[in-house]
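*Asks:* sequence and predicted structure, then a few things I'm wondering about:
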Amino acid sequence: MAITLFNACQKDSDSQETDLALDTELTDAIALASDGEGVSRYMFPESDNFNAIPQDPLNPLTSAKVSLGKLLFHETALSIATIKPLGEGKTSCASCHFASAGFQAGRIQGIGEGGIGFGINGEGRQRGMLYEEVDLDVQPIRTPSAMNGAYQINQLWNGQFGGTGLNTGTEYAWTDETPKAFNNTGFEGLEVQAVAGLGVHRMNIDMSVLEPLGYKEKFDLVFSDIDEDNRYTNETAGLAIAAYERTVLSNQAPFQKWLAGDKSIMSDEEKRGAIVFFEKGKCVSCHDGPALNKMEFHALGMSGLQDCPEETFKTIKEASENLGRGGFTGIAEDNYKFKTPQLYNLADSPFLGHGSSFRTIKSVVQYKNMAIKENANVPDEALSDAFVPLNLTDEEIEDLTTFLTVSLRDQNLTRYQPESVLSGNCIPFNDPMAASELGCN
């Protein structure tokens with residue numbers, strides 16, 4: 001009996017020593033990757049710590065503005081500029097960026113107006129039979145996450161939104177009478193995207209609709225310094241929405257808790273995967289900072305949305321979106337380069353890559369490990385210097401996949417979704433089929 005107890009204690013002791021050794025190794029790997037800055041380089045602030053959240057100096061964060069933006073982001077009553085009357089009041093920003101899908105669309109291609117249904121997590125949304133393809137509100141590229149956007153000064157896969165940062169010098173591409181013209185306001189990417197997105201996705205600020213719901217007094221509180229003639233507009237609404245989006249941070253993910261000192265929150269497998277991320281896998285060379293992203297563009301030879309076997313809408317092989325950064329700048333050497341995305345909550349939506357060409361996180365890891373392009377249209381000479389074989393073992397691939405899947409998943413994103421909006425409409429969709437599937441009626 002004494003021997004059994006001794007062996008059990010010895011096993012527990014060995015396990016604890018292993019945990020401590022992995023924690024030390026990971027801490028050292030982070031210190032090296034961050035040039036000595038350490039864990040603080042990768043930690044998100046709390047969502048109400050506005051002074052610590054990156055923000056546009058032209059759009060300072062306030063509690064009232066964030067609160068208004070949270071409502072407007074989810075408010076389907078804004079969808080009044082629709083192609084068909086039956087589309088009115090059915091969709092919102094959250095329709096393609098909702099919490100349970102990691103603020104992604106939950107399906108291969110987000111569908112706003114013209115779509116019906118929801119399914120379990122957005123995968124069941126489909127084209128309504130009363131809509132022709134040309135009338136659908138869709139994007140020809142995978143819907144990016146609206147989370148952790150505070151750490152991306154330019155927005156979209158090609159980075160076209162934002163009048164600062166990497167878009168300084170691209171003024172020639174800010175075409176008049178297109179959403180890109182909003183860059184001339186001088187706002188950063190989140191703000192420009194939010195303002196432009198309202199119009200692109202057929203939403204509008206109309207106080208004849210919104211005032212009876214109680215929104216006018218909220219605009220008056222937030223934008224009291226703006227003349228009433230300019231107070232109730234897509235621009236002010238977009239600024240509020242962008243302010244809210246800046247606070248949507250995956251700061252309760254296990255890796256964030258580990259960084260804050262809870263060394264028991266991650267398993268040994270997750271810690272080994274994190275070590276691969278920061279060392280042998282060289283993931284951190286492109287995915288750095290709190291959101292594990294960078295304002296850089298790389299050609300990794302991935303396929304576009306039009307190449308997927310599933311049905312897609314309004315996807316054209318020759319569309320400029322398929323050229324990535326080059327489709328915006330018009331510079332040949334920018335072709336096929338897409339923005340490095342943030343890496344949190346990828347597990348909440350089964351479609352990955354700018355063209356939804358991957359279905360699992362592991363398949364992306366394997367793709368980058370092999371470094372063999374899947375898109376024959378991408379010239380070899382255009383491929384990123386970072387797209388090289390990593391020579392990871394099967395175990396290292398499994399560990400890295402576990403880190404990306406489990407450690408980077410904030411399981412409480414619904415805290416960023418309001419319990420209700422002032423219209424009382426269903427969130428994130430309000431068409432009858434979706435409302436029924438969501439349990440709103």
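*Replies:* Structure's in. What do you need?

*Asks:* can you give me the strands in the stretch 251-400 of the chain?
*Replies:* Taking DSSP state E, counting those that start in this stretch as the criterion, the stretch 251-400 of the chain contains strands spanning 297-298, 338-339.

*Asks:* can you tell me which of the ones you listed is most buried?
*Replies:* Using mean count of other C-beta atoms under 10 Å, the stretch among the strands of the stretch 251-400 of the chain with the largest mean neighbour count is strand 338-339, at a mean of 25. Where you see a C-beta, it was placed from the backbone N, CA and C, and this is true even at glycine.

*Asks:* need the contact partners of that strand.
*Replies:* Contacts to strand 338-339, defined as C-beta atoms under 8 Å, 6 or more residues apart in numbering, come from residues 152, 154, 156-159, 293, 295-300, 302, 324-325, 354.

*Asks:* cool, and stretch 152-162?
*Replies:* Outside of stretch 152-162, the residues within contact range by C-beta under 8 Å, 6+ apart are 54, 141-142, 144, 149, 164-167, 173, 179-180, 182-183, 187-193, 196, 291, 293, 295, 297, 321, 323-328, 338-339, 342, 354.

*Asks:* repeat that for stretch 273-282.
*Replies:* Contacting residues not belonging to stretch 273-282 are listed as 22, 25-26, 29-30, 32-33, 255, 266, 283-284, 287, 386, 390-392, 396, 398-404, 407 [C-beta under 8 Å, 6+ apart].

*Asks:* how far does that stretch stretch from start to finish?
*Replies:* For stretch 273-282, the first-to-last residue distance is 12 Å (C-alpha to C-alpha, to the nearest Å).

*Asks:* for it, which positions count as buried?
*Replies:* Buried residues in stretch 273-282, defined by neighbour count with 16 or more other C-beta atoms under 10 Å: G273, A274, I275, V276, F277, F278, E279, G281, K282.

*Asks:* which residues in this protein form helices?
*Replies:* For the chain, the helices identified by DSSP state H occupy 2-33, 63-74, 189-200, 207-210, 215-222, 234-246, 254-259, 268-278, 325-329, 361-370, 394-402, 432-437, in order along the chain.

*Asks:* for the residue nearest to L136 when sequence neighbours are not counted, the count of nearby residues, please.
*Replies:* If you skip the residues right next to it in sequence, L136 has G114 as its closest partner in space, 3.9 Å away by C-beta to C-beta, 6 or more residues apart in numbering. Taking other C-beta atoms under 10 Å as the criterion, the count of residues near G114 is 27.

*Asks:* got a markdown table for the helices of the chain, with distance to N121 too?
*Replies:* As requested, the helices of the chain are exported to a markdown table (distance: least, C-beta to C-beta, whole Å):
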| stretch | distance to N121 |
| --- | --- |
| helix 2-33 | 32 |
| helix 63-74 | 16 |
| helix 189-200 | 22 |
| helix 207-210 | 29 |
| helix 215-222 | 29 |
| helix 234-246 | 21 |
| helix 254-259 | 21 |
| helix 268-278 | 24 |
| helix 325-329 | 30 |
| helix 361-370 | 16 |
| helix 394-402 | 21 |
| helix 432-437 | 10 |
